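Asker: How does the following fold in three dimensions:
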Amino acid sequence: MTQNKNSISWKAPEFRHYPKTSTWYLTLIILSVAAIAFFIIFEKDIFAAVCLAILAILIIIFSRPACQTSASLKDNRRLLIAVFTFR
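Answerer: Just a heads-up that it's a prediction; the model follows:
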């Protein structure tokens, strides 16, 4: 990134990421399947089973590493412009 004397730039992660092992994912899947089976077999509650399945999928999706956020401040004739990019 090109910088002039009137700009400040930085990069930072969106949040602190803690790496997860395959055992963590396997445990999540086993517990999710057991809870879904419980609600379908014993409670006859399909809505709860579907909600748990969606929740498990969202947990897996959001457990991936954090995106990098870039930000910069530019001074254009005394007007500060903030630019944020997400990757």
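Asker: For stretch 41-48, list every residue counted as buried.
Answerer: Using 16 or more other C-beta atoms under 10 Å as the test for burial, stretch 41-48 gives no buried residues. The way it works is simple: take the backbone N, C-alpha and C, and place the C-beta from them, glycine included.
Asker: cool, and stretch 52-67?
Answerer: Residues of stretch 52-67 classed as buried: 52, 56 (neighbour count, 16+ other C-beta under 10 Å).
Asker: contacting residues around that stretch?
Answerer: Contact with stretch 52-67 is made by 13-17, 19-20, 24-25, 28-29, 32, 35-36, 39, 86-87, as judged by C-beta atoms under 8 Å, 6 or more residues apart in numbering.
Asker: Okay, helices next: where are they in the chain?
Answerer: According to DSSP state H, the chain carries its helices in the segments 22-41, 46-62.
Asker: can these go into JSON lines with extra columns for distance to Ile8?
Answerer: Listed next are these as JSON lines, based on distance: least, C-beta to C-beta, whole Å:
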{"stretch": "helix 22-41", "distance to Ile8": "38"}
{"stretch": "helix 46-62", "distance to Ile8": "30"}
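Asker: ok, back up a step: just the buried members of the contacts of stretch 52-67?
Answerer: 32, 35-36, 39.
Asker: Nearest to Ser9, out of the helices of the chain?
Answerer: helix 46-62 (27.6 Å; C-beta to C-beta).
Asker: Compute the inter-axis angle for that closest one and helix 22-41.
Answerer: Here helix 46-62 runs at 170 degrees with respect to helix 22-41, directions being taken by axes from the mean of the first three to the mean of the last three C-alpha atoms, to 10 degrees.
Asker: okay, now the domains of this structure?
Answerer: Domain segmentation of the chain under automatic domain parsing yields 1-17+65-87, 18-64.
Asker: ranking those domains by mean pLDDT, which is last?
Answerer: Lowest mean pLDDT within the domains of the chain: domain 1-17+65-87, at a mean of 64.
Asker: Next one: Ser7 from Ile61, what distance?
Answerer: From Ser7 across to Ile61, the span is 35 Å (C-beta to C-beta, to the nearest Å).
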